[in-house]
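> got a predicted structure here, sequence first:
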Amino acid sequence: MYKKLFTPGPTNVKEDVLQKIATSMISHRTKEASKLQKDISNKMKILMYTKNGILLSSSSACGLMEGAIRSCTQKRAAVFSCGVFGNEWYQMAITNNIPCDKFEVEWGKPITKEIVKSALDSGKYDLIAVTHNETSTGIMNPIKEIAEVVKNYSEVVFCLDTVSSLGGVKIEVDNLGVDICLASTQKCLALPPGFSLCSISEKAIEAAKKVKFRGSYFDLLRLYNWVKEKDYQYPSTPSLSHMFALDYQLDKIFREGLENRFARHIEVANYVRNWAKNNFALFAEEKYASNTVTCVKNIKSIDVDELNKALGEKGYIISNGLEKIKNKTFRIGHMGEATLSNLKELISAINRILKF
Ligand SMILES: Cc1ncc(COP(=O)(O)O)c(C=O)c1O
């Protein structure tokens, strides 16, 4: 049975967008493919508020996360973590033998500008990695404040994970001074998983030129050079099917209007957050609660698997907590195509099941 997804990715994909995946295949070494890749890149620049180059990757975002930290760290990286995905970025550095330190805050709390400043003041780091929206804890970090701090350290390459926020929350890459901003397609962009993209600044490219062992498949410098010198082509065969759908979906996103889209995410988030506060509690410190996912503190110790089973019979699915907060929390995704009316539908189903 088809279940409407209220998970924080993958999210629901509209039927007309899914149809684009079924577009007849073209050769990737054609002008047609170059045009598709160029069009998507230009549209992504609008969505990301940037003039930087865009790289498309036929992988989920973890590939680009690994590529970013590996390709651009010359001296030492600092990863700021407030949950599962920040920790994942740190692991990627360690397992690639990249000198790296992790600054982890208590889960449910944000990464603050003070933590970032104190790390950067040490002068040890030339790359930092920050998660904008930590999907495991429902925290949306105060990125403008953090960015203001980072601007004072001109040697530092600023990498930002916007996997669960880009397309749902305004991320002004150039104003923030972000060097590598990355996201995947299965969250706020409301496309199938398995594809991702990033913006990349000249500063990040210059840093990568000085790194000897950047790997191969996710060598961001190599990808950048291909795009630049070979008319938006990529070294390996890309997922053209994703690209047909992404190109189409970006036009739909612009037709909705970026400001309208961001406002819709805020409206839906407020609704879910209020329900969570009235019936449970928020896991995230409220001031930093995410506009795309709500992590609910399970203070009533409900059996989330049982809830999901009952929801499944009605055609819905939500998410359990992750890792050390697995049974202490559950998560409701409200990103991508989420609307107030379909969240109201979900919440009333939960209320009926839990007899609220
Ligand atoms: C904040 C965040 N970062 C990174 C990732 C990893 O992205 P992907 O699964 O597309 O590799 C996720 C996935 O859920 C995420 O939520």
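Right, received. Where do you want to start? Numbers count the residues shown, from 1 in each chain.

> from here on, just use CA atoms for contacts and neighbour counts.
OK.

> mind listing what Pro192 touches?
Contacts for Pro192 were tallied using CA atoms under 8 Å, 6 or more residues apart in numbering; they are Pro10, Thr11, Val13, Thr185, Gln186, His242.

> residues contacting the residue in the stretch 251-356 of the chain that the ligand sits nearest to?
Relative to the ligand, the nearest point of the stretch 251-356 of the chain is Val293 (9.7 Å; CA to the nearest ligand atom). Contact analysis of Val293 by CA under 8 Å, 6+ apart lists Pro8, Thr135, Gly138, Ala269, Arg331, Ile332, Gly333, His334, Met335.

> mind checking the SS state of Asp251?
helix (DSSP: H, G, I helix; E, B strand; the rest coil).

> okay, now Ser216: neighbour count?
12 (other CA atoms under 10 Å).

> in a helix, it, correct?
No. Ser216: not assigned to a helix; according to three-state DSSP it is coil.

> where does it land on pLDDT?
Note on Ser216: pLDDT of 98.

> for Arg70, see how far away it is.
10 Å (CA to CA, to the nearest Å).

> also Ser41?
Taking CA to CA, one finds Ser41 at 23 Å from Arg70.

> who has more neighbours, those two?
When Ser41 and Arg70 are compared for neighbours, Arg70 comes out ahead with 27 against 22, by other CA under 10 Å.

> show the average pLDDT along stretch 104-111.
On average, stretch 104-111 scores 98.

> contacts for the helix or strand encompassing Arg255 next, please.
Arg255 belongs to helix 240-256 when assigned by DSSP states H and E. Contacts with helix 240-256, where a contact means CA under 8 Å, 6+ apart, come from 17-23, 25-26, 28, 33, 36-37, 39-40, 43-44, 189, 191-192, 195, 261.

> so that helix, near the ligand or not?
No. Remark: helix 240-256 sits outside contact range of the ligand, by CA under 6 Å from any ligand atom, the gap being at least 13.5 Å.

> after that helix, which helix or strand is next?
helix 258-279.

> which strands and helices sit next to that following helix?
strand 293-297, helix 340-354 (3 or more CA pairs under 8 Å, 6 or more residues apart in numbering; DSSP states H and E).

> any idea how far the ligand is from the closest residue to Thr185 other than its chain neighbours?
With sequence-adjacent residues excluded and distances taken as CA to CA, 6 or more residues apart in numbering, Thr185 is closest to Leu191, at 5.3 Å. Separation of Leu191 from the ligand (CA to the nearest ligand atom, to the nearest Å): 11 Å.

> quick check: which element contains Leu191?
Using DSSP H and E, no helix or strand contains Leu191.

> test my guess that it contacts Ser60.
No. Assessed by CA atoms under 8 Å, Leu191 is found out of contact with Ser60, at 11.8 Å.

> give me the common contacts of those two.
Thr185.

> more crowded one of the two?
Between Leu191 and Ser60, Leu191 has the larger neighbour count (other CA under 10 Å), namely 26 against 18.

> quick one: contacts for the more buried one?
Here Leu191 is in contact with Pro10, Thr11, Asn12, Val13, Val17, Leu18, Thr185, His242, Ala245, Leu246, Gln249 (CA under 8 Å, 6+ apart).

> can we see that at 10 Å?
9-14, 17-18, 21, 184-185, 242, 245-246, 249, 336-337 (CA atoms under 10 Å, 6 or more residues apart in numbering).

> I'd say Val105 and Val116 touch.
No. The pair Val105 / Val116 is not scored as a contact, 11.2 Å apart, by CA atoms under 10 Å.

> so for those two, which residue has more residues nearby?
Val116 (20 against 15).

> can you redo the contacts of Val293 as TSV with neighbour count?
Shown next, in TSV, are the contacts of Val293 (neighbours: other CA atoms under 10 Å):
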residue	neighbour count
Pro8	25
Thr135	28
Gly138	32
Ala269	26
Arg331	26
Ile332	27
Gly333	30
His334	31
Met335	35
